[in-house]
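Undergrad: I need the structure of the sequence given here:
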Amino acid sequence: MIEISFYSRNYKNIPADNINEKIEKLALEEGKTIGNITLVCCTDDDLLQVNQTHLNHDYYTDIITFDYCESSVIHGDLFLSIDRIQENAATYEVSFEEEWHRVVFHGVLHLIGYGDKSEEEIKLMRAKENHYLDTLFHVKQ
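TA: Presented below is the predicted three-dimensional model:
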């Protein structure tokens with residue numbers, strides 16, 4: 001059963017239109033199917049607390065992914081810092097919508113099994129993010 005849930009208690013105007021369809025297309029292209037994915041929009045402080053409590057990391061980040069995948073079925077929770085995404089969009093001179101999609105795709109790619117610890121993994125992750133931005137975000141709808 002496919003279920004992609006979206007929660008945002010503090011933020012309005014999150015570009016969630018068609019995000020379910022985009023996530024499903026990404027998963028299909030990667031040979032996976034969607035089970036249950038939850039996207040939770042947080043503040044920087046909310047996500048810092050999650051980072052400290054669950055990962056013992058004491059720094060801000062744009063996303064934390066909790067992976068509950070079973071074989072080729074993707075399950076997980078994506079906690080996204082809207083504050084960090086807004087700041088990164090300004091830093092990289094892209095729209096908030098583009099950076100939000102990049103971060104969501106990044107989290108889904110983690111659920112699929114892509115890492116970002118080594119230089120090689122980071123290079124592949126960026127290539128995948130750019131590919132899905134080009135094919136799922138930048139396309140004329």
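
Undergrad: Name the helix or strand for the residue most central in space within the chain, please.
TA: With distances taken as C-alpha atoms, centre = their mean, residue 104 lies nearest the centre of the chain, 2.1 Å away. Taking DSSP states H and E as the criterion, residue 104 maps to helix 96-112.

Undergrad: can you pull the buried residues of whatever helix or strand comes next after that helix?
TA: Sequence order places helix 119-132 as the next helix or strand after helix 96-112, per DSSP H and E. In terms of neighbour count (16 or more other C-beta atoms under 10 Å), helix 119-132 has its buried residues at 125, 128, 129, 132. Every C-beta, even on glycine, is put in place using the N, C-alpha and C of the backbone.

Undergrad: try stretch 48-61
TA: Quick answer for stretch 48-61 (16+ other C-beta under 10 Å): 48, 50, 51, 61.

Undergrad: What about residue 85, how many residues nearby?
TA: 24 (other C-beta atoms under 10 Å).

Undergrad: on that earlier part again, can you get me the centre-to-centre distance for the helix holding residue 104 and its chain?
TA: Taking the mean of its C-alpha atoms, helix 96-112 sits 3 Å from the chain's own mean (C-alpha atoms, centre = their mean, to the nearest Å).
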